[in-house]
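Student: Pasted the sequence and its predicted model underneath.
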Amino acid sequence: MSNSRTDDRPTVCHVIHALGVGGAEVLVDQMLRFLNDEFRCIVAVLDEIGEIGERLQRDGFTVKHLHRAPGIDRGCARRLNDFADREGAEILHAHQYTPFFQAMLSRGLFGRRPVVFTEHGRHFPDLPDRKRSIVNRLMLRGGDRLIGCGHAVRQALISNEGLPASRVEVIYNGVDLDTHGPASPGARAAIRAEFGYSDDDFVVILVARLHPLKDHQTALRAIDLARRGISGLRLLLVGDGDQRATIEQTIRELKLEENVTLAGTRTDVTDLLAAADAFLMSSISEGIPLTVIEAMAARIPVVATAVGGLPELIEHGVSGFLAPSGRSDMLAAALIDLQRDANLGRRIAGRAAQRAAETFSLKGMLNAYRNVYRDTLIYRQDPRRSNRSNSQSTGSGKNIGGET
């Protein structure tokens, strides 16, 4: 990639915890690659470069590890400002709350750059924090942009982080519909053969890191219940993480060894989806998960918990099935219904694919962020010329991204 001194594109410095495998990390990767025609994009990682970060470095992108210490790390804030200065960054784009705080601290102590903040999801439990709310309002500046990846996330930023409702916008996450549509011919048979599944097996796929927030325990209990009504039921768990040993123990305790396969981290999710008859998500907290959008685009019916932004993706009984968090019995019942009625699955999947195309496209998301960056740069030069007042009207919760 070109040096900032010989490049007339505005430089945007993305700030994120790490660039391992995850939804927010994938979106940062896509922003760097697809917005690179107009903006020179670089990344500062607080904690770990990770797999995606290493790939970006190999491809010529600038990725800087800031080595953040626990707590309020002024040294990290200074290193962020020094890196942004050296690279000529005009905007800091922070992903998730801690990077947002570090970006605001860096700006408050050492710099003047506007901060764009995207919240991709929330911790659990998600409760109001009065002290943090006061700090957030004190550090916020007029040129900053505050974005939730969905309306539920937006409301959490207002209610729990004390951010002004008039300032918080929504830009939906999006996926590349050309890439995540129906898989290549033969993918279904090839993947089923790889895992030893027969044509008659009912294959359920769950794609998520093995983390407590994803609540794989509820998914396993749902499979334990559903197998009593579905012969040849198989669950393919895609992803890895520190909960793997716990999940393996539960599989043994429930005697699910013949029903559940741990596939680990995979890069061929589109082909894996082609082998599935249903997509399962049992999380206790979510933003707008990319994996669910990918399943919808691939016409795989989704059964999920009604947490976070999932009800914004799925209308129960119309474009998928929703159940309260922890209700393995309701998740199991939905899987049984799909297995018994193929027409139901096709109808649900068709409506979900239409919903994904209309509202959750990568093109629409990227166009929305282009406009945010453009207006932020205009505001920095002359606040009177920017569309900031129009952008603030989206604080009512209107979605400004994800539509083509």
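Tutor: Nice, I can see it.
Student: Number of residues surrounding Tyr379?
Tutor: The tally of other residues near Tyr379 (other CB atoms under 10 Å) stands at 20. All C-beta atoms are positioned from the backbone trio N, CA, C, and that covers glycine.
Student: For the stretch 1-150 of the chain, just list every one of the strands.
Tutor: Using DSSP state E, counting those that start in this stretch, the strands of the stretch 1-150 of the chain run over 11-18, 40-48, 63-65, 89-95, 115-119, 145-148.
Student: out of these, which comes closest to His316?
Tutor: Smallest distance to His316 across the strands of the stretch 1-150 of the chain (CB to CB): 22.2 Å, for strand 145-148.
Student: which helices and strands does the next helix or strand after that closest one pack with?
Tutor: Note on strand 145-148: by DSSP states H and E, the next helix or strand toward the C-terminus is helix 151-159. Applying 3 or more CB pairs under 8 Å, 6 or more residues apart in numbering; DSSP states H and E, one finds that helix 151-159 contacts strand 115-119, strand 145-148, strand 168-170, helix 310-313.
Student: So what sits opposite Val15 in the bridge?
Tutor: Taking DSSP bridges as the rule, Val15 bridges to Ala44, Ala94.
Student: Look up how far Arg112 lies from it.
Tutor: For Val15, the distance to Arg112 equals 16 Å [CB to CB, to the nearest Å].
Student: next one: Ile284
Tutor: Distance of Ile284 to Arg112, given as CB to CB: 40 Å.
Student: Compare the two (neighbour count), which wins?
Tutor: Neighbours were counted for Ile284 and for Arg112 using other CB under 10 Å; Ile284 has more, 16 against 10.
Student: That one in helix, strand or coil?
Tutor: Under DSSP: H, G, I helix; E, B strand; the rest coil, Ile284 falls in the coil class.
Student: Would you check that it makes contact with Ala306?
Tutor: No: under the criterion of CB atoms under 8 Å, Ile284 makes no contact with Ala306, lying 11.0 Å away.
Student: Quick check: neighbours shared by those two?
Tutor: By CB atoms under 8 Å, 6 or more residues apart in numbering, Ile284 and Ala306 have these common neighbours: Ser325.
Student: Now do the closest residue to Arg137 other than its chain neighbours, the pLDDT please.
Tutor: Distances taken as CB to CB, 6 or more residues apart in numbering put Gly162 closest to Arg137, at 5.9 Å, once the chain neighbours are dropped. According to the prediction, Gly162 has pLDDT 96.
Student: What's the separation between Gly162 and Lys131?
Tutor: Counting by CB to CB, the separation of Gly162 from Lys131 is 10 Å.
Student: Between the two, which is the more surrounded one?
Tutor: A count of neighbours by other CB under 10 Å puts Gly162 above the other of Gly162 and Lys131, at 18 against 8.
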